[in-house]
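J.: Kindly return the folded structure for what I paste below:
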Amino acid sequence: MRRDNKRYRTFTRRALLLGAGQLGMFGVLASRMYYLQVVEGRRYAAMADDNRISPRLVAPTRGLIFDRAGVPLAVNQKTWRVSVTPEQSGGLEETLDRLAQLVPIADHDRQRVLKTARRQRAFQPVTVLDSLSWEDIAKISVNAPELPGVEVEMVPRRLYPYGELAGHVVGYVGPASVADLTGDPLLTIPEFRIGKSGIERARDVALRGTADIREVEVNAVGRVVRELRRIDGEPGRDLTVSLDVELQRFALNRLGTETGAAVVLDVKTGDVLAMASNPAYDPNAFSRGITPEEWKTLSTDERGPLTNKAVSGQYAPGSTFKMIVAAAALEAGVVTPGQTFFCGGSIELGDGRFHCWRRGGHGSMNVHDAIAQSCDVYFYEVARRVGIDRIAEMAARLGVGVRLGVELPNERAGLVPTRAWKKAELGKSWTIGETLIAGIGQGYVLATPLQLAVMTARLVNGGLAVSPRIAAALSGGDGAMRPLPVASAGPVGISQETLQVMGRAMAAVTTTQRGTAYAARIEDREMAMGGKTGTSQVRRITMTERRTGVRRNEMLDRKERDHALFVGYAPLHAPRYAVAVVIEHGGGGSAVAAPIARDILIETQRRDPARTMPGSPQASASPDVMQAMEVMRR
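T.: Here you go, the predicted structure:
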């Protein structure tokens with residue numbers, strides 16, 4: 001009996017302990033439920049709604065790009081896209097096989113679809129092809145019952161009506177890469193395209209606009225059930241650029257098969273009226289999605305079609321640099337306009353001999369005649385007297401050897417060396433011989449065609465430091481174009497006396513019979529031009545070759561031929577336009593570059609693009625472009 005009582009008390013005690021433990025656990029659970037449902041109920045209800053209600057972004061319409069006369073250079077064309085939803089396809093690879101029997105699907109497109117499908121959820125559609133023709137869409141639509149999960153939709157695609165004509169300046173759009181991600185939620189939209197080159201890239205934020213926001217109800221796996229509301233965004237802003245597309249066409253055609261660049265500027269505003277780089281590329285290839293074969297062809301072409309030579313090409317400026325040397329010397333007072341130096345065909349410095357391009361020499365030369373006849377010996381002497389540092393300082397004032405801030409990617413700075421530069425970069429001291437070589441625009445000196453055009457503009461516009469401008473006007477909220485402000489151009493810091501000397505000398509280059517570009521002159525006095533020729537060596541001429549006779553360019557392999565350069569302006573009586581032409585391995589500047597520049601200046605004055613002010617688009621485009629605009633509007 002005692003044993004049973006003891007066992008009963010033990011059982012009772014344990015039952016009480018267990019019951020107390022259970023009661024405590026239920027108390028904890030009850031208090032936690034009270035905390036979650038009552039105290040924190042609103043917060044968790046909001047979180048539940050966040051999981052149920054999902055914001056989705058809708059890409060805005062990209063802004064259009066027009067030339068200064070309102071001709072469209074970049075538009076949005078409606079095109080057809082075919083996509084497939086993996087979970088609805090009943091077998092993605094089999095569906096792609098059936099689709100390939102109707103429209104060709106390249107291997108790289110097939111692999112892209114399969115890779116994308118593995119990365120994302122099965123209910124999310126994957127783009128297979130875009131820019132399909134109406135015939136292709138008809139084939140797919142007729143066979144729709146055998147293509148489960150395949151959907152055809154109309155989408156906008158960036159179209160460049162003038163193709164390679166303005167490709168380097170306008171640029172192109174493409175999918176955002178990891179490096180492009182900046183926190184803008186737009187960049188997370190599949191297939192959303194941003195500016196990758198040219199003005200498309202420089203003004204991308206304004207052109208892309210802001211997204212519409214769709215608030216949709218989704219289920220537990222993220223599938224859309226219904227749309228709850230939509231918040232409208234802003235379409236991209238339209239952009240007017242300074243280019244005259246028909247002048248651009250003329251400049252590119254005038255370059256012909258030559259490799260190089262031509263730039264035309266308005267000397268008063270800095271507007272870039274033409275910027276031709278040859279060879280060019282068609283930006284439509286990138287807009288639609290460039291194939292590996294197309295990319296290989298472009299990227300391996302030794303002529304560099306993907307490079308905008310006007311801003312990224314760096315060339316020894318040759319004799320076009322002589323105005324900078326002369327201006328530096330005149331401003332420093334180390335020479336005077338009437339002071340002469342004798343050119344006998346060469347000059348000696350230590351153990352070295354520096355030759356003039358004219359074997360017999362030019363005789364006595366002052367600054368006017370030395371520029372007109374491009375005497376090298378005169379500029380050897382002037383460079384020695386003024387020194388490399390003052391030459392570099394003058395070059396910077398005139399826009400050479402410095403970045404100009406033009407709204408295009410990959411602008412190069414060129415180079416005008418100094419004593420400090422050589423010490424820092426090469427660890428060596430500067431020599432006087434290097435100063436002499438720099439005095440004729442050779443040696444370390446490098447400049448871009450755009451810099452040479454800016455230099456010319458600043459010399460002939462009264463000494464105003466104009467900067468090159470591409471973007472001319474942006475549309476506002478009401479759609480009307482509003483001109484962008486022109487950067488104020490202060491003085492470059494060169495006296496009017498020096499500028500007048502430079503102007504008269506550059507005029508003599510083309511108007512006097514001994515001028516190096518007299519044969520390329522403009523005979524119409526109202527359109528007459530001034531300028532300066534340049535021939536830039538790309539190889540060293542040995543003493544043996546000088547004794548036996550320097551080989552002419554046509555006797556050399558192309559890569560060993562001189563670059564041909566010319567800078568000019570027109571009209572002489574009231575300069576308004578400046579031009580710079582660089583022909584890679586073209587030979588002599590007077591024979592090759594000057595005639596091209598002359599023809600471009602004649603066409604520029606004939607068109608007189610300065611009269612066309614950036615404003616709202618107007619119907620001045622060709623019929624094919626007008627048709628593209630009509631499609632865009634619909």
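
J.: tell me which residues in stretch 498-514 are buried?
T.: Using 16 or more other C-beta atoms under 10 Å as the test for burial, stretch 498-514 gives 498-499, 501-511. C-beta here means a position set from N, CA and C on the backbone, and glycine is covered the same way.

J.: Return the distance of that stretch from the chain's centre.
T.: 34 Å (C-alpha atoms, centre = their mean, to the nearest Å).

J.: Check stretch 267-284 too.
T.: On C-alpha atoms, centre = their mean, the centre of stretch 267-284 falls 10 Å from that of its chain.

J.: what's the average pLDDT for it?
T.: For stretch 267-284, mean pLDDT rounds to 95.

J.: what's the first-to-last distance across that stretch?
T.: 32 Å (C-alpha to C-alpha, to the nearest Å).

J.: Relative to N253, which of the buried residues of stretch 498-514 is nearest.
T.: Nearest to N253 out of these is T510 (C-beta to C-beta; 23.0 Å).

J.: can I get the buried residues of stretch 498-514 in a markdown table with pLDDT?
T.: Formatted as a markdown table, the buried residues of stretch 498-514 follow (pLDDT from 0 to 100):
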| residue | pLDDT |
| --- | --- |
| T498 | 97 |
| L499 | 96 |
| V501 | 97 |
| M502 | 96 |
| G503 | 96 |
| R504 | 96 |
| A505 | 97 |
| M506 | 97 |
| A507 | 97 |
| A508 | 97 |
| V509 | 97 |
| T510 | 97 |
| T511 | 96 |
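
J.: low pLDDT regions in the stretch 451-600 of the chain?
T.: Where the stretch 451-600 of the chain drops to pLDDT under 70, the residues are 538-560.

J.: now the strands: where do they sit in it?
T.: 471-475, 481-483, 530-536, 563-570, 577-583 (DSSP state E, counting those that start in this stretch).

J.: between these, which one is nearest to A517?
T.: The nearest among the strands of the stretch 451-600 of the chain, by C-beta to C-beta, is strand 530-536 at 5.2 Å.

J.: In the protein, which residue is most central in space?
T.: G198 (2.8 Å; C-alpha atoms, centre = their mean).

J.: got the contact list for that residue?
T.: G198 sits next to 167-172, 283, 308, 408-409 when contact means C-beta atoms under 8 Å, 6 or more residues apart in numbering.

J.: List the ones among those that fall in helices.
T.: Secondary structure from DSSP state H places 167-170 of the contacts of G198 in helices.

J.: Now render those residues as a markdown table, adding pLDDT and neighbour count.
T.: Supplementary listing: the ones in helices among the contacts of G198 in a markdown table, determined by pLDDT from 0 to 100; neighbours: other C-beta atoms under 10 Å:
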| residue | pLDDT | neighbour count |
| --- | --- | --- |
| G167 | 94 | 26 |
| H168 | 96 | 28 |
| V169 | 96 | 30 |
| V170 | 96 | 25 |
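
J.: and which of those is nearest R359?
T.: Using C-beta to C-beta, these come closest to R359 at H168, 39.8 Å.

J.: which residues sit in contact with the residue nearest to L64 when sequence neighbours are not counted?
T.: Counting by C-beta to C-beta, 6 or more residues apart in numbering, D238 is the residue found nearest to L64 once chain neighbours are left out, at 4.7 Å. Contacts for D238 (C-beta under 8 Å, 6+ apart) come out as 63-66, 474-475, 479, 481, 617.

J.: do the same with F354
T.: 346-348, 376-377, 380, 433, 436-437.

J.: Give the bridge partners for it, please.
T.: I347 (DSSP bridges).

J.: that older thread, would you mind putting the strands of the stretch 451-600 of the chain into CSV with mean neighbour count and distance to T259 alongside?
T.: Putting the strands of the stretch 451-600 of the chain into CSV (neighbours: other C-beta atoms under 10 Å; distance: least, C-beta to C-beta, whole Å) gives the following:
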stretch, mean neighbour count, distance to T259
strand 471-475, 20, 28
strand 481-483, 16, 35
strand 530-536, 29, 14
strand 563-570, 30, 10
strand 577-583, 31, 7
